[in-house]
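J.: generate coordinates for the sequence data below:
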Amino acid sequence: MAARRVMGAEPVRLRLSKLWLACGLFAAGVFVYGCLMHNPPSEPSIAYFDKIQHAGAFIVLGAWFAAVLRPRYAWVLVGLSIFAAGTEVLQWCTSYRDGDPLDWLADTTGACLGLLLVRSGAMNWLYAVDRLVTSTGNNAR
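T.: Numbering: from 1, shown residues only. As a prediction, this is how the structure comes out:
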């Protein structure tokens, strides 16, 4: 996987990129499950709370996938926006949930914010964990 370049150095790469990608796909699956639950937990009576939940989930997904698939930020944003639209269509197809275009907008906005977090360096911890885990495995031999 491609990653950011440090001046004059080789690009930083995630050695466990398949593991990190699988973790992100698992999180996306949990989101789909939450969207399609028959009896979702009741929400507090805070205006637009569900939009905040959607945006928050996609901040996490956007940051995660942008860090794992760095520097393919545009692909991550497009993919997550399509994924978000798909979840709304799935909800619309059920008899017990409602698809909402504003949820899709909140999701896509959250994904954009997640990408901005990655660009600001907020996900560099994942690269540190990746180096730590892979270097620990090399020292054990």
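
J.: for residue 80, give me its contacts.
T.: Residues in contact with residue 80 (C-beta atoms under 8 Å, 6 or more residues apart in numbering) are 58, 61-62, 65, 107-108, 111. In short, each C-beta sits where N, CA and C put it, glycine included.

J.: put the buried members of these into a PyMOL selection.
T.: The buried residues among the contacts of residue 80 can be selected in PyMOL (16 or more other C-beta atoms under 10 Å) with this line:
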select buried, resi 58+61+62+65+107+108+111
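
J.: what's the spatially most central residue of the chain in contact with, if anything?
T.: By C-alpha atoms, centre = their mean, the chain has its centre lying nearest to residue 61, at 1.1 Å. Contacts for residue 61 (C-beta under 8 Å, 6+ apart) come out as 24, 27-28, 31, 80, 110-111, 114.

J.: any idea which element it lies in?
T.: For residue 61, the element it lies in under DSSP states H and E is helix 49-68.

J.: now swap in residue 86 and tell me
T.: In this assignment (DSSP H and E), residue 86 forms part of helix 73-93.

J.: just checking the distance from that helix to the centre of its chain.
T.: How far helix 73-93 lies from its chain's middle: 12 Å, per C-alpha atoms, centre = their mean, to the nearest Å.

J.: could you do stretch 41-54 as well?
T.: Put simply, stretch 41-54 sits 20 Å off its chain's centre (C-alpha atoms, centre = their mean).

J.: got the contact list for the strand or helix carrying residue 18?
T.: Assigned by DSSP H and E, residue 18 belongs to helix 17-36. By C-beta under 8 Å, 6+ apart, the list of residues contacting helix 17-36 from outside reads 1, 14, 40, 57, 60-61, 64-65, 67-69, 83, 87, 90-91, 94, 97, 126, 130.

J.: can I get it in CSV? Just the C-alpha atoms.
T.: What follows is helix 17-36 as a C-alpha-only set of coordinates in CSV (Å, rounded to 0.1, in the frame of the first residue of the first chain):
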residue,chain,number,x,y,z
SER,A,17,-2.4,-3.4,6.0
LYS,A,18,-4.6,-6.4,5.4
LEU,A,19,-5.3,-6.8,9.1
TRP,A,20,-6.1,-3.0,9.4
LEU,A,21,-8.3,-3.2,6.3
ALA,A,22,-10.2,-6.2,7.8
CYS,A,23,-10.7,-4.2,11.0
GLY,A,24,-12.2,-1.3,9.1
LEU,A,25,-14.5,-3.7,7.1
PHE,A,26,-15.6,-5.2,10.4
ALA,A,27,-16.5,-1.7,11.7
ALA,A,28,-18.4,-1.0,8.5
GLY,A,29,-20.3,-4.3,9.0
VAL,A,30,-21.2,-3.2,12.6
PHE,A,31,-22.5,0.1,11.1
VAL,A,32,-24.7,-1.8,8.6
TYR,A,33,-26.0,-4.0,11.5
GLY,A,34,-26.8,-0.9,13.5
CYS,A,35,-28.6,0.7,10.5
LEU,A,36,-30.8,-2.4,9.9
